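Novice: A predicted structure for the sequence below; I have some questions about it.
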Amino acid sequence: MSAVERYAMQAQTEDRFLFALKNQINAIGSLILLEAHLRFGRRSLGFYEDLASIAIHVAGFTLLRYISGMGSHYGMAAIPFMTVGIFVFWMLRTNLNLASAFKSAKGRYRVNARVTQLDVLIARTVISTILYLCIGFATFYIYVYLGIGPMLARPWMVALILAISALWGFGCGLILGGVFLYFPVLRTIWGGMMRVLMYTSGLMFIWAEVPYSFRFVVEYNPLFHMAELSRQFYFGTYISPVASWRFIFFTVIVTLALGLAMERICREKALNAPNRNETADEELF
């Protein structure tokens, strides 16, 4: 009996949905291993530049807090305060960039009809999320060892917030990937908008420090709620008066649903898009 016949017989005997789900999981698992090998099997200057950028942002924002006289607030030391906020933002930023790279996603897998661009984007997002979780927690515990910051009050909840930020970035990236496919010029404009998002996401401040005239902006920013909760679970000495799990979950679920719909609608156009450049959009971390 050939492999094709065995595959057809198995598909008939098993529940079709479970059979398809199992194959999908196996395909994504294989892609994760392959993409990880491709990423870490070569020297990526972009990755080291990204780490340097994180360090520069942490140092710069920490210096601003000290200059403004808010080095420590609610028992939260400035350096870990900034670091956890930056990592919440970086999880969003990195996965958004990766998930929006529709044109390059299918590049090296064009000969494999079973692999879709969504499979590739999921694999890259998983790798990126695990990588930055490891880097983030290594940094947090180095702070503990050096006496810069306290032991994390609830580390698993901090990890959950970072993972949720990564998932939201994935959903936003899928939406923007479709937009960029039809309007490529918006990718350049979006770079500036990400900086605005950075400064309005609570990376440098908490709710008590937000001016009253500015609160309506940050109150409806899901990333601000994630930053508030990450510090609450990191330090244990601060309880956010505004952070809402319901708002975060609603935003992430809606964004992910819209992103998956956008990806499916744009899949054929992305596959047939001319001037495919596999490295331009892939070397993002």
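Specialist: Received, thanks.

Novice: Run through the stretch 151-285 of the chain and note the low-pLDDT ranges.
Specialist: 273-285 (pLDDT under 70).

Novice: Equivalent analysis for the stretch 1-150 of the chain, please.
Specialist: Ranges of the stretch 1-150 of the chain meeting pLDDT under 70: 1-17, 19-21, 23-24, 37-46, 68-73, 106, 108-113.

Novice: can you give me the helices in it?
Specialist: 3-13, 16-40, 45-67, 78-99, 102-105, 117-146 (DSSP state H, counting those that start in this stretch).

Novice: Mean neighbour count and distance to residue 215 added to those helices, as a markdown table?
Specialist: Where C-beta positions appear, they are placed from N, C-alpha and C, glycine not excepted. Shown next, in a markdown table, are the helices of the stretch 1-150 of the chain (neighbours: other CB atoms under 10 Å; distance: least, CB to CB, whole Å):
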| stretch | mean neighbour count | distance to residue 215 |
| --- | --- | --- |
| helix 3-13 | 10 | 56 |
| helix 16-40 | 14 | 41 |
| helix 45-67 | 14 | 19 |
| helix 78-99 | 25 | 18 |
| helix 102-105 | 26 | 36 |
| helix 117-146 | 18 | 28 |
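
Novice: which residues in the stretch 151-285 of the chain form strands?
Specialist: Taking DSSP state E, counting those that start in this stretch, the stretch 151-285 of the chain contains no strands at all.

Novice: That one: helices as residue ranges?
Specialist: Using DSSP H, counting those that start in this stretch, helices in the stretch 151-285 of the chain cover 155-182, 185-199, 215-219, 222-235, 245-271.

Novice: for those helices, which one ends up most surrounded?
Specialist: Comparing the helices of the stretch 151-285 of the chain by mean neighbour count (mean count of other CB atoms under 10 Å), helix 222-235 ranks first with a mean of 24.

Novice: That helix: how far from the chain's middle?
Specialist: Mean C-alpha position of helix 222-235 versus that of the full chain (CA atoms, centre = their mean, to the nearest Å) differs by 15 Å.

Novice: follow-up on the earlier one: of the helices of the stretch 151-285 of the chain, give the one that comes closest to residue 87.
Specialist: Residue 87 lies closest, by CB to CB, to one member of those: helix 155-182, at 6.1 Å.

Novice: what angle sits between the closest one and helix 185-199?
Specialist: Counting by axes from the mean of the first three to the mean of the last three CA atoms, to 10 degrees, helix 155-182 lies at 150 degrees to helix 185-199.

Novice: Quick one: the helices of the stretch 151-285 of the chain as TSV, columns for distance to residue 94 too.
Specialist: Below are these laid out as TSV (distance: least, CB to CB, whole Å):
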stretch	distance to residue 94
helix 155-182	7
helix 185-199	11
helix 215-219	22
helix 222-235	14
helix 245-271	16
